[in-house]
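Enquirer: Output the structure for:
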Amino acid sequence: MSLHPRTPVLIGQGQAIDRDTQPTTAKHPVALMIDAVNSAFQDASIRTPNYVDSVRVVRLLSWKYANAAHALAVGCGMSAQQYATTPHGGNMPQTLVNLSARQIADGELHMVVLAGGECARTRSVVKDATSLPWPDPSGTDSVSAESGGPVPAAAHIVDDLALLNDEEQRLGIVLPVQYYPMFESAIRAAARRSIADHDRRIAELWSRFSAVASRNPFAWSRTAMTADEVLAVSPDNRMIGLPYRKVMNSNNQVNLAAALVMCSVEKAESLGVPRDRWVFPWSGTDCHEHQFVSNRWSFADTPAVRLGGERALQLAGLGIDDVSLVDLYSCFPSAVQLGAQSLGLELTRQLTLTGGLSFAGGPWNNYVMHAIATAMMRLREQPGERALVWANGGYATKHAFGTYAATPPPGGFRHESPQSEVDASPKRELALGDDARGAATIEAYTVMHDRSGAPERLIAATLLDDGRRAWVNSADVGLATEFAHEEHVGRRVTMRRSGELASA
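Expert: Residues are numbered from 1 along each chain as shown. Predicted structure coming up:
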């Protein structure tokens with residue numbers, strides 16, 4: 001078929017891993033990204049060019065740069081019209097692909113480099129960051145300074161979204177390790193499973209993910225685990241937020257980087273990129289749940305995932321059964337279950353291409369770039385297949401979807417957002433202060449454990465009898481210990497005020 005010259009196409013992918021954590025020799029994040037970018041151009045069978053339209057780096061946390069995208073370009077011997085960054089969020093790699101594909105299709109861009117990376121493992125091992133001979137985080141990057149001029153300000157090309165309201169922040173219910181275990185308890189209760197049966201179900205899921213990671217050369221942990229090993233509580237696999245053992249949490253302490261090269265078909269042809277390197281984004285969607293968890297109707301349902309996934313598949317002219325390669329965001333088991341349920345996927349199906357964030361590694365915001373890179377490799381090996389990637393940011397809040405194939409999309413790349421439909425879905429009001437008193441029902445909960453594995457804090461969402469939601473955050477160790485045993489979703493309690501139980 002004849003391709004429109006502005007059809008967006010991915011031509012190169014690269015991944016890099018650094019297990020060195022010695023201060024004098026370990027690579028800093030941009031240095032690891034340079035390796036990934038150079039690998040991506042080698043993967044495309046072309047030389048790293050002197051110029052691209054835009055270098056776009058996913059926001060990183062393990063080191064500060066004046067402008068990481070500019071430092072990356074200089075380190076690769078490139079210049080660009082734009083050096084850009086993103087807000088935080090695990091959805092950002094797919095959102096960047098969606099945005100870049102739209103801009104290429106519209107003729108605004110011809111060639112872009114997308115990259116991200118973290119060296120959080122080195123930072124966790126090296127207690128004194130000043131001992132690291134990495135670029136000066138004060139504002140003048142040694143890498144960027146090599147360009148011989150001032151470091152340009154990074155362009156912000158994606159709008160941010162606040163994830164926490166004032167009450168959530170006041171109560172200290174702010175961490176993913178608090179929210180995702182609560183989602184898990186709601187999923188379990190909605191399915192009417194016993195705690196033991198549900199724990200076994202998610203342990204088997206994570207065992208399957210670890211098996212995929214064991215075959216992935218870029219996975220941080222390549223040890224396959226049995227379900228029994230996932231479930232076994234030990235000093236190395238302590239309980240963190242009930243019911244999650246340590247291995248069920250995203251492993252952010254990794255040194256990983258990934259990069260993608262995207263351009264127009266016209267540019268790919270002019271560069272001489274072999275056709276067997278080409279992978280096409282077919283469709284993309286971006287949307288978010290009700291902005292604050294406090295206002296979501298249910299902790300066991302994600303309407304934005306359902307609507308965003310359906311729309312991405314519809315735009316590509318595909319059904320879920322037409323997609324053989326799937327990567328669902330996997331920061332915690334509840335994320336995978338919410339995604340699978342919303343998309344109509346059986347949990348026993350293979351739902352990761354890499355091994356997921358616990359095993360392949362969760363380099364903060366950039367995991368999904370590794371998933372897309374892996375999807376590219378798989379699609380080249382199986383050119384008749386289709387891939388679906390779901391990226392998630394926040395507390396199952398921000399979502400980006402992409403469909404991919406080694407063959408061109410029949411109608412060209414298409415992108416939409418079903419946000420108006422999500423916004424129209426039911427919401428709950430949050431009860432505040434002394435107004436959050438009276439009879440209530442436990443809707444979801446978790447028990448946070450200390451480093452010795454002992455229960456130390458109860459965090460719960462309750463529904464007052466009028467349907468409003470009220471939060472609990474209690475440091476009562478006795479109460480936390482009580483909730484660490486047996487099922488408590490559906491239990492009747494009395495609220496004293498927002499954040500506090502009068503009785504349980």
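Enquirer: what separates residue 92 from residue 120, distance-wise?
Expert: Separation of residue 92 from residue 120 (C-beta to C-beta, to the nearest Å): 17 Å. In this view, the C-beta of every residue, glycine as well, is placed from N, C-alpha and C.
Enquirer: Repeat that for residue 201.
Expert: Taking C-beta to C-beta, one finds residue 201 at 30 Å from residue 120.
Enquirer: Tell me which of those two has more neighbours.
Expert: residue 120 (23 against 19; other C-beta atoms under 10 Å).
Enquirer: What is the distance between the helix or strand hosting residue 379 and the centre of its chain?
Expert: Take DSSP states H and E as the rule and residue 379 turns out to sit in helix 367-381. Its chain's C-alpha centre and that of helix 367-381 lie 15 Å apart, by C-alpha atoms, centre = their mean, to the nearest Å.
Enquirer: burial measure for residue 350, as a count.
Expert: Neighbourhood size, residue 350 [other C-beta under 10 Å]: 14.
Enquirer: Would you mind confirming that it makes contact with residue 212?
Expert: Yes - look at residue 350 against residue 212 with C-beta atoms under 8 Å: they come within range, at 7.2 Å.
Enquirer: From what I see, residue 281 and residue 413 are in contact.
Expert: Yes - between residue 281 and residue 413 there is a contact at 5.6 Å, judged by C-beta under 8 Å.
Enquirer: what do the two both touch?
Expert: Overlap of the contact sets of residue 281 and residue 413 (by C-beta atoms under 8 Å, 6 or more residues apart in numbering) consists of 8, 101.
Enquirer: where's residue 31, which helix or strand?
Expert: Short version, using DSSP H and E: residue 31 is in helix 29-43.
Enquirer: Any regions of the protein where pLDDT drops low?
Expert: Low-confidence segments of the chain (pLDDT under 70): 1, 138-149, 504.
Enquirer: Grab the nearest non-local neighbour of residue 35.
Expert: residue 16 (4.0 Å; C-beta to C-beta, 6 or more residues apart in numbering).
Enquirer: helices or strands up against whatever helix or strand that neighbour lives in?
Expert: If you go by DSSP H and E, residue 16 is part of strand 8-17. Judged by 3 or more C-beta pairs under 8 Å, 6 or more residues apart in numbering; DSSP states H and E, strand 8-17 is in contact with helix 29-43, helix 92-105, strand 255-264, helix 265-271, strand 280-288, helix 367-381.
Enquirer: which one of the ones you listed is the most hemmed in?
Expert: The highest average neighbour count among the helices and strands packed on strand 8-17, using mean count of other C-beta atoms under 10 Å, belongs to strand 255-264 at a mean of 29.
Enquirer: May I have the strands that pair with that strand, each with its orientation?
Expert: strand 8-17 (antiparallel), strand 111-119 (antiparallel) (DSSP bridges).
Enquirer: what's the closest of these to residue 312?
Expert: Residue 312 lies closest to strand 8-17 among the strands paired with strand 255-264, at 15.2 Å (C-beta to C-beta).
Enquirer: The closest one vs strand 280-288, what angle?
Expert: 80 degrees (axes from the mean of the first three to the mean of the last three C-alpha atoms, to 10 degrees).
Enquirer: what about strand 8-17, distance to the chain center?
Expert: Here strand 8-17 is found 18 Å from its chain centre; the criterion is C-alpha atoms, centre = their mean.
Enquirer: before we move on, back to that, just the angle for the strand holding residue 16 relative to helix 29-43, thanks.
Expert: Using the same axes, to 10 degrees: strand 8-17 against helix 29-43 is 130 degrees.
Enquirer: now strand 8-17 and helix 367-381, what's the angle there?
Expert: 110 degrees.
Enquirer: Now do the top helix by length along the chain: which elements does it pack against?
Expert: The longest helix of the chain (DSSP state H) is helix 195-214. Here helix 195-214 touches helix 176-191, helix 227-231, helix 333-343, helix 356-359, going by 3+ C-beta pairs under 8 Å, 6+ apart.
Enquirer: Could you single out the most deeply buried of those?
Expert: Greatest average neighbour count among the helices and strands packed on helix 195-214 goes to helix 356-359 (a mean of 29), per mean count of other C-beta under 10 Å.
Enquirer: Not counting that helix itself, show me its contacts.
Expert: Here helix 356-359 has contacts from 206, 209-210, 212-213, 219-222, 247-251, 329-331, 336, 367, using C-beta under 8 Å, 6+ apart.
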